[in-house]
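Chemist: this one's sequence-less:
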């Protein structure tokens, strides 16, 4: 069994692309080898800033011979058919075909023998194809070449069992040589196998495996920290990024002036991380005046010059940050609020100042629903965006909100207000914390709902992979805030309220769009009058598409949590589901119910009823939603079922009314035995049309009754 | 100073002008024509026709030059240690980009006294895009011990046209590089001429007053109505030259037309610094300059230097 070693050596590959690229290379190579009939034991891939490497182990020397049969026309078929067959099978005459017989007579068969190919030959053919069509997020040309790669490709090493596999990639011939570290071991050297390659690279100051580089970085950083009694602020992403920027990582520790510690720790950490890719350190709970940089070499002077240089850059960055912090506090938040008039939120939705006017009103609405003081919510909302005009947020946009929180405390605002300002953009990502304090919840919800409704109102919905305003993230934020905090809240009135706030501000595009939805006269030419739009708004607002969007986001969220998507569909299909917490409870109750024997059997019976109804309704072109006529019942099972259905329907409805979904399920479960008995003893499609119609009406009752808890037709199984 | 010089690993740090002279000598020895700065105000050395226009068309081209760069918005009245509204870039353009372009660049760092075995030199992803020129490329910012000292770009498109062959562009931020090698924290403290005592001339001696005066002009006193008129004039003149210079197969005034693009771009930057361009208008201005740039590039491709056949 042979080993294939492939290395594509280039100029520096962006750190963020390396892992994905080495994985893609392994996958594409593996797939194409298998397509060519070459199986193997396993494939491993590696990336450094300058190389993508794949090693495939357990390859055969050749792909197996394949014998393929191709059925042709009958003996005596017209000449055109015969010629076509010969051509497609690659035969020169009928002598080369076999004749076989089946029930209908004799026919020709071509037996095509495809001899296996040498593995090296296959590799030489597929690698250039993979390189030519490689899925880089961005690729480029260079010099006079035609090839596209992420950065100029310099050489390719390709060995099969230690022997060179010769081929060319846009004029670059393969070899058995590679290079080590750019500065520490620049001379080329030849290798014989993967083991030899990895070992020689290590001697040439290249650690091939990104995970190992990451470990060296984190271990080294922790060791530096421990020596001074500090702890590293762990950051996996930053460690990975540094592993993608180095072939020979050497963590070094530097320090900065203690006076910078007066600046908030988020600012220091961001300044060090965002621009310099450095780790921060803590002494106890406080940030320490130390940082870890990761150099790409063991310097001759032990890193003295590198540390000194980085310290100067860090000092410059931190003094910028300190300057902004001091300047910003001189102005404070209050005075910045009017300056938000100059900042556009969206061309069609006005300024950030107009935005906060809407958000604070909405936050006041929400406050009592989540147990927050409306005055505090209003105050926090008014100040929430003021840090956008601060120097610090101008420099580090990712600190928006956080800085507002600090500046609010600095001007003696209520700590709950400061906290709400700091938290109102949250949660940003899946790992980000969800606000838990009521004032923060009110402002965070108002902020997101205002944004969502606004973009909906100017028809800027996310489509496919395009979501430039991160509306999906905003919707998911609403969902997570509501579910994490167990908040009972109806969204639809809030959507409407948010829209009214936009309409009160008289934005032309919003008016035009709402006018369009409401079919108000003349919306194509002139936006309808403010009054008309306001009157029409509650009916006009396309709650359905907006609701669907939320339903989709909730589905994605619940699915990620392991819920069955069909159960979610079955609940949403009921319509009018705008209380997220109730939806989730319903889905949970439904899931538990279906796991019981009664539940599983009732599902079968109900689905049967629904299917019969669907077919018959379609056939007859009418529905059977009238109540069944008890005088027409012939069989006891019919009577029993009808009687029970009415009782169950009432019981389920009253349980739903109390939001006791378990009890509703229990009530519905009573239907199981009579439904089974009904199908066992009753023929729905009776010959007597009146009888048939009456039985279909009964089935309709079953469907209607189960709709109290879920649309069973959407449930799989 | 002595201690800082030791920190940066250099024996005698080069003066600001030494740095320029060394880079010019270095690139002159590598077959570059050493040009002088273009005689117009521009935001970056890339706007020099020796880069923007010469990057287009099939003809090989190697040039290096210093270009004063003006970014009105970056003025800080001379009070910020790093930010300037007028500074110098050292630009190298190599077309087609040679296979050893990275090594050539690293040798130039060695030439100015930066030893990559003592310093941490890194190529960090940084793609370049100029919306006003309709241009983009892929490359890196080059770090030296965490400090960005150069931009390194493989041009892919200029004026909306594919670059073929591809030019490699190296842009050294001269002040930053000099601050680094001299171990200076404030740009105005740079030793410009290498003199000591009474002979020493600092960067601040030459440019501090200019930074203060131009910051006043850029932010407070530039007549925005006049600037707007000038912008429109440049646009009109550019379009007129493009139309009148076009003789079908050939274009006879691509360079003068392109000058008007440079002018319009700088006027836009001034207006922007004066704060009279709203967010919405901004995009419109950028598109207007880009349209001019694209048309000027198209005209250039119809000239001899642009590779048009006779």
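Modeler: Great, that's in hand. Because the structure is a prediction, the values reported are computed rather than measured.
Chemist: State the number of residues packed around the closest residue to residue A:324 other than its chain neighbours.
Modeler: Closest residue to residue A:324 apart from its sequence neighbours, by Cβ to Cβ, 6 or more residues apart in numbering or on different chains: residue A:391 at 3.8 Å. Glycine gets a C-beta too; all of them are placed from N, C-alpha and C. By other Cβ atoms under 10 Å in any protein chain shown, 18 other residues sit near residue A:391.
Chemist: Next: residue A:212.
Modeler: Neighbour count for residue A:212, taken as other Cβ under 10 Å: 14.
Chemist: any idea which helix or strand carries it?
Modeler: Counting by DSSP states H and E, the element that carries residue A:212 is helix A:210-227.
Chemist: Kindly report the same for residue A:19.
Modeler: Element membership for residue A:19 (DSSP H and E) is helix A:15-35.
Chemist: other SSEs contacting that helix?
Modeler: Packing contacts for helix A:15-35, counted by 3 or more Cβ pairs under 8 Å, 6 or more residues apart in numbering or on different chains; DSSP states H and E, involve strand A:2-10, strand A:42-48, strand A:51-59, helix A:119-132, helix A:236-243, strand B:121-125.
Chemist: downstream neighbour of the fourth one in the secondary structure list?
Modeler: Read it as helix A:119-132. As assigned by DSSP H and E, the chain's next helix or strand after helix A:119-132 is strand A:153-160.
Chemist: Tell me the strands beside the helix or strand that that following strand is followed by, with direction?
Modeler: Counting by DSSP H and E, the next helix or strand C-terminal to strand A:153-160 is strand A:163-164. Strand A:163-164 pairs in its sheet with strand A:153-160 (antiparallel), by DSSP bridges.
Chemist: Return the set of buried residues in the helix holding residue A:212.
Modeler: A:210, A:213, A:214, A:216, A:217, A:218, A:220, A:221, A:222, A:224, A:225 (16 or more other Cβ atoms under 10 Å in any protein chain shown).
Chemist: what angle do that helix and helix A:236-243 make?
Modeler: On the basis of axes from the mean of the first three to the mean of the last three Cα atoms, to 10 degrees, helix A:210-227 is oriented at 110 degrees to helix A:236-243.
Chemist: Where is the longest helix in chain A?
Modeler: Longest helix in chain A, counting residues (DSSP state H): helix A:304-331.
Chemist: Name the residues of the stretch 1-150 of chain B found near chain A, please.
Modeler: B:7-9, B:81-82, B:96-99, B:102, B:115-125, B:127, B:137-140, B:144-147 (Cβ under 8 Å from any Cβ of the partner chain).
Chemist: One more pass at 7 Å, please.
Modeler: Applying Cβ under 7 Å from any Cβ of the partner chain, we find that the stretch 1-150 of chain B lies next to chain A at B:7-9, B:82, B:96-99, B:102, B:116-120, B:122-125, B:127, B:138, B:140, B:144-147.
Chemist: List only buried entries from the residues you listed.
Modeler: B:7-9, B:82, B:96-98, B:102, B:116, B:118-120, B:122-125, B:138, B:140, B:144-147.
Chemist: So which of these sit within strands?
Modeler: Per DSSP state E, strands hold the following members of those: B:122, B:123, B:124, B:125, B:138, B:140, B:144, B:147.
Chemist: okay, the residue in chain B that chain A sits nearest to: pLDDT?
Modeler: The nearest approach of chain B to chain A comes at residue B:145, 2.7 Å away (Cβ to the nearest Cβ). With respect to pLDDT, residue B:145 has a value of 94.
Chemist: Pick out the least confidently modelled helix or strand of chain A, by mean pLDDT.
Modeler: helix A:530-540 (a mean of 60; mean pLDDT, DSSP states H and E).
Chemist: So which elements touch the helix holding residue A:212?
Modeler: If you count contacts as 3 or more Cβ pairs under 7 Å, 6 or more residues apart in numbering or on different chains; DSSP states H and E, helix A:210-227 packs onto strand A:231-232, helix A:236-243, strand A:250-255, strand A:286-295.
Chemist: Figure out which of the ones you listed is closest to chain B.
Modeler: Closest to chain B of these is strand A:286-295 (Cβ to the nearest Cβ; 4.3 Å).
Chemist: Would you mind checking the average pLDDT for stretch A:438-455?
Modeler: 95.
Chemist: circling back to that earlier point, so which of the helices and strands packed on helix A:210-227 comes closest to residue A:51?
Modeler: Checking those against residue A:51 by Cβ to Cβ gives helix A:236-243 as the closest, at 13.8 Å.
Chemist: List the buried residues in that closest one.
Modeler: A:238, A:239, A:240, A:241, A:242, A:243.
Chemist: Got phi/psi on residue A:343?
Modeler: Dihedral pair for residue A:343: phi -100, psi 120, per degrees, to the nearest 10.
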